[in-house]
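Asker: Got a sequence here, can you model it:
(one chain, ligands or ions: 2)
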Amino acid sequence: MAAKIKTIGVLTSGGDAPGMNAAIRSVVRTAIHNGVAVKGIMRGYAGLLEEEIVDMNTTSVSDTISRGGTILFTARCREFTTAEGQEKGAEICRKHGIDGIVIIGGDGSFRGAGKLSALGINTIGVPGTIDLDIACTDYTVGFDTAINTAMQAIDKIRDTSTSHERCSIIEVMGRRAGYIALWCGVSNGAEEILLPEKYDGDEQSIINRIIESRKRGKKHYIIINAEGIGHSGSMARRIEAATGIETRATILGHMQRGGSPTCKDRYYASIMGARAAELLVEGKSNRLVAYKKGEFVDYDIQEALRMTKNIPAEQYRVAKLLVR
Ligand code: ADP
Ligand code: F6P
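Answerer: Numbers count the residues shown, from 1 in each chain. Ligands and ions are numbered 1, 2, ... in the order given. Got it, this is the predicted structure:
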């Protein structure tokens, strides 16, 4: 039988996401409820290697559920991608009596979690990224807040775009994935939705559709362009030159990662964080908490990282049908 877990750590890693604080709070409170002490590891794996480790209790997470960002800070850490860095991290955990860690982040962070687990430190991952690009789960903490923030910004751009009878290209985040672009494209009633998974680079067809829609009397033309395609500025210049219609590009950028988390993000973060802490208490390791087909489940980390995910064909079909 595995030795009883006495102390766990919690860290946030990679790009931050609204709802990470709700997940941290849930991990801390669930662990303490189970008689397990919690240490907060600051700045992800970078803080682990620097031994930036603080004791946490239920009051350390008071008044955090509604706050954006992460109270533990986050970072990307090259040293931790090396075998020496991972061994150093495991040694620091042993030195601080940390039996297991909840890692809140994305795929890269979970690769690190898998390495720590192989070195004898129990790890459980919680999906926290605005990109929704983690294959094993239908939901990632932060996505809902990000799409609502982006949607509101796009509505505002649409107002001014209509007043000036312009074409607007609005670039949303998502790294290599097009989920934010798909959801905003549909929900903002865009005229074009460009996803890295689908875009064939046929700009001439877009230009033809802009000219056609102007002939039909449309006063604006909103193109939602995913970060994975990028080049919104040069695309705008080419479209303006080809159509004669004033065209502006807006890159929404990091505003999409900030702000108070929506109810959905707080809720998923709370349930997933609690489940992660409970898995550690049960002596489990190398697992990823996920939401799949309406249920909270968990997967082996390596199995989860081998899974693939794509834009749902049916949703994309409807999105294409609704534009224009
Ligand atoms: P995300 O977790 O959002 O995908 P990154 O890909 O930037 O973000 O990864 C976050 C951190 O996880 C990296 O800075 C690094 O410290 C760690 N990491 C990423 N890939 C690996 C890997 N293959 N092995 C060990 N650690 C990794
Ligand atoms: O993974 C979240 C994310 O915001 C991506 O959408 C984006 O590509 C990336 O992080 C931006 O990272 P940084 O904060 O380093 O600019």
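
Asker: who's in contact with the residue in the stretch 51-200 of the chain positioned nearest to ligand 1?
Answerer: At 2.1 Å from ligand 1, Gly108 is the closest residue in the stretch 51-200 of the chain, using Cβ to the nearest ligand atom. The C-beta positions use only the backbone N, C-alpha and C, and glycine is treated the same way. By Cβ atoms under 8 Å, 6 or more residues apart in numbering, Gly108 lies in contact with 13-14, 76.

Asker: Model confidence at it, what's the number?
Answerer: The per-residue pLDDT reported for Gly108 equals 96.

Asker: Dump the helix or strand encompassing it to PDB, keeping only the CA atoms.
Answerer: Under the criterion of DSSP states H and E, Gly108 resides in helix 107-118. Output in PDB follows, covering the C-alpha atoms of helix 107-118 (Å, rounded to 0.1, in the frame of the first residue of the first chain):
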ATOM      1  CA  ASP A 107       0.100  20.200 -22.500                       C
ATOM      2  CA  GLY A 108       3.700  21.400 -21.900                       C
ATOM      3  CA  SER A 109       3.100  21.600 -18.200                       C
ATOM      4  CA  PHE A 110       1.700  18.100 -18.200                       C
ATOM      5  CA  ARG A 111       4.800  16.700 -20.000                       C
ATOM      6  CA  GLY A 112       6.700  18.100 -17.000                       C
ATOM      7  CA  ALA A 113       4.300  16.500 -14.600                       C
ATOM      8  CA  GLY A 114       4.800  13.100 -16.300                       C
ATOM      9  CA  LYS A 115       8.600  13.500 -15.800                       C
ATOM     10  CA  LEU A 116       8.200  14.400 -12.100                       C
ATOM     11  CA  SER A 117       5.900  11.400 -11.600                       C
ATOM     12  CA  ALA A 118       8.500   9.100 -13.100                       C
END
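
Asker: Would that helix count as contacting ligand 2?
Answerer: No. Helix 107-118 stays clear of ligand 2 (Cβ under 6 Å from any ligand atom), getting no nearer than 9.1 Å.

Asker: excluding its backbone neighbours, what's nearest the most centrally placed residue in the chain?
Answerer: Residue closest to the average C-alpha location in the chain (Cα atoms, centre = their mean): Thr129, at 1.4 Å. Nearest non-adjacent residue to Thr129, counting by Cβ to Cβ, 6 or more residues apart in numbering: Gly106, 4.2 Å away.

Asker: Report the contact partners of the one you found.
Answerer: Counting by Cβ under 8 Å, 6+ apart, Gly106 makes contact with 13-15, 127-129, 131, 133-134, 140.

Asker: contacting residues around the closest residue to ligand 1 within the stretch 201-324 of the chain?
Answerer: The nearest approach of the stretch 201-324 of the chain to ligand 1 comes at Leu305, 9.5 Å away (Cβ to the nearest ligand atom). Residues in contact with Leu305 (Cβ under 8 Å, 6+ apart) are 107, 110-111, 114, 135.

Asker: Between which two of the residues you listed is the distance greatest?
Answerer: Gly114 and Ala135 (14.7 Å; Cβ to Cβ).

Asker: how about the helices in the stretch 51-200 of the chain?
Answerer: 83-95, 107-118, 143-163, 179-187 (DSSP state H, counting those that start in this stretch).

Asker: and the ones you listed, which is most packed in?
Answerer: Across the helices of the stretch 51-200 of the chain, the average number of neighbours (mean count of other Cβ atoms under 10 Å) peaks for helix 179-187, which reaches a mean of 25.

Asker: tell me the angle that one makes with helix 143-163.
Answerer: 50 degrees (axes from the mean of the first three to the mean of the last three Cα atoms, to 10 degrees).

Asker: and helix 179-187, what does it pack onto?
Answerer: helix 143-163, strand 167-172, strand 192-194, strand 221-226, helix 313-322 (3 or more Cβ pairs under 8 Å, 6 or more residues apart in numbering; DSSP states H and E).

Asker: any chance you could map the strands in the stretch 151-300 of the chain?
Answerer: 167-172, 192-194, 221-226, 247-251, 287-292, 295-300 (DSSP state E, counting those that start in this stretch).

Asker: between those strands, which one is nearest to Ile32?
Answerer: Closest approach to Ile32 among the strands of the stretch 151-300 of the chain (Cβ to Cβ): strand 287-292, 18.8 Å.

Asker: Can you list the strands that the closest one pairs with?
Answerer: strand 122-127 (parallel), strand 295-300 (antiparallel) (DSSP bridges).

Asker: List of residues touching it?
Answerer: 110, 123-127, 134, 136-139, 268, 272, 275-276, 279, 296-301, 304.
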